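[1] Sequence first, then the predicted structure, then my questions.
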Amino acid sequence: MPIAMKNATTADEVLAALRAGDFSHEALRAALLMRGGEQEKLFELARECRDRCFPDKRVEVRSVIEISNICRQGCRYCNMGRKRDYEHYIIQLPAFMKLVEHIYRSGRRVLLLQSGENSAQSFVEHVALCVEEVKKRYPDMLVILCLGNLSRTQYHRLRQAGGDRYILKFETSNPELYSHIKPFDKLDRRLTCLQWITEEGFTASTGNIVGLPGQTLDDIVEDLLLIKKLKLSMMSCSPFIPAENSEFGDQPMGDLDTALNTMALLRIMNPHTLMPTTSALEKVGHDGQYRGLMAGANTVTIHDGTPEDLKQLFPIYSVSRVRPTQEHFEEIVHRAGLKM
Ligand code: SAM
């Protein structure tokens with residue numbers, strides 16, 4: 001047993017262990033269960049770690065464009081995918097560039113392109129051409145991609161086109177649970193994709209979902225340890241939301257406090273990384289995204305990219321998704337003592 005965790009019974013001892021870099025299973029498990037004043041102390045430690053590594057207290061502001069909702073995956077937690085009946089779209093290049101122009105003129109310099117998982121070569125080539133065009137017209141625009149599992153050649157093409165970063169969450173580190181929630185995929189395959197993404201030179205991000213049906217507290221501890229082991233520069237955690245038209249529509253919502261404690265631990269274990277306060281947090285509980293910032297997040301995503309008429313066609317976790325605005329973030333970021 002690690003020295004700092006001998007007889008670790010009180011919250012203060014657990015916090016001292018975490019501060020000393022003891023990320024034993026026992027310490028992490030105890031920290032996930034902290035509530036009330038103990039949880040506040042955990043968040044304080046997380047903010048201390050964040051503010052030491054990001055002393056300017058600035059959050060990264062991203063604009064998202066959901067470029068297509070076509071998804072060939074079959075995630076049981078998602079409203080989209082091969083088994084669902086919904087109207088498909090792909091935003092074509094001229095319309096896409098108009099959206100990018102609007103985002104650029106609003107002063108934004110970080111663009112997140114998200115889509116369903118669609119490895120059709122024509123779609124990946126379309127995204128590559130969109131990225132090339134963005135980089136040609138706006139060389140100072142940073143492009144983050146979140147398109148799911150692709151082939152190594154496709155990641156290579158997207159990187160050559162100018163993609164800077166790639167988000168690929170492993171969702172859960174438990175291989176059996178992974179196969180259960182994503183019956184057409186395997187955890188090994190997802191992690192191989194993540195490795196390719198890194199090897200192709202993308203700055204990579206990964207993360208988990210907290211509160212998945214069948215997930216245990218020990219699974220979440222293993223998620224935390226895997227994220228640390230992967231040593232990436234971005235990470236993310238969001239609570240599970242029972243999407244209405246998904247197979248998990250009647251399951252209970254993920255617990256907000258457990259998700260926030262997971263975020264705080266991620267921050268303590270990986271102080272230098274970027275971590276978003278996700279819109280799913282706001283969906284799960286009052287002031288969820290503000291609490292995410294208080295738990296150590298330092299990235300926000302404004303939903304000002306996807307055109308209004310397409311927004312309801314990208315209902316990943318709910319048909320009534322939360323789509324945070326600039327005003328919302330200005331208020332919560334200021335309240336959290338941070339800057340946009
Ligand atoms: N399809 C791509 C993929 O799987 O990486 C990218 C887009 S996917 C819609 C983005 C993320 O949404 C997923 O990685 C997952 O963590 C999250 N998500 C989807 N449905 C969710 C749900 N019901 N509850 C919580 N998170 C969800």
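    Received, thanks. Since the model is a prediction, treat every value here as computed from it, not as a measurement.
[2] what does this protein have sitting close to the ligand?
    Taking CB under 6 Å from any ligand atom as the test, the list of the chain residues beside the ligand reads 77-78, 114, 116-117, 146, 148, 168-169, 171, 209, 238, 240-241, 243, 280, 316-317. In short, each C-beta sits where N, CA and C put it, glycine included.
[3] same thing but 8 Å
    The chain comes close to the ligand at residues 71, 73, 75, 77-80, 114-117, 146-149, 167-169, 171, 207-209, 236, 238-243, 246, 248, 254, 278, 280, 316-318, as judged by CB under 8 Å from any ligand atom.
[4] Tell me which stretches of the stretch 51-200 of the chain form helices.
    In the stretch 51-200 of the chain, the helices defined using DSSP state H, counting those that start in this stretch lie at 93-105, 121-137, 152-161, 175-181, 187-199.
[5] export those helices to JSON lines and tack on mean neighbour count, distance to residue 220 and mean pLDDT?
    As requested, the helices of the stretch 51-200 of the chain are exported to JSON lines (neighbours: other CB atoms under 10 Å; distance: least, CB to CB, whole Å; pLDDT from 0 to 100):
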{"stretch": "helix 93-105", "mean neighbour count": "15", "distance to residue 220": "35", "mean pLDDT": "95"}
{"stretch": "helix 121-137", "mean neighbour count": "17", "distance to residue 220": "32", "mean pLDDT": "98"}
{"stretch": "helix 152-161", "mean neighbour count": "18", "distance to residue 220": "28", "mean pLDDT": "98"}
{"stretch": "helix 175-181", "mean neighbour count": "16", "distance to residue 220": "11", "mean pLDDT": "98"}
{"stretch": "helix 187-199", "mean neighbour count": "18", "distance to residue 220": "15", "mean pLDDT": "98"}
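[6] Of the ones you listed, which is nearest residue 286?
    When the helices of the stretch 51-200 of the chain are ranked by proximity to residue 286, the top entry is helix 175-181, at 27.1 Å, counting by CB to CB.
[7] Summarise which helices and strands the closest one is packed against.
    Helices and strands in packing contact with helix 175-181 are listed as helix 187-199; criterion 3 or more CB pairs under 8 Å, 6 or more residues apart in numbering; DSSP states H and E.
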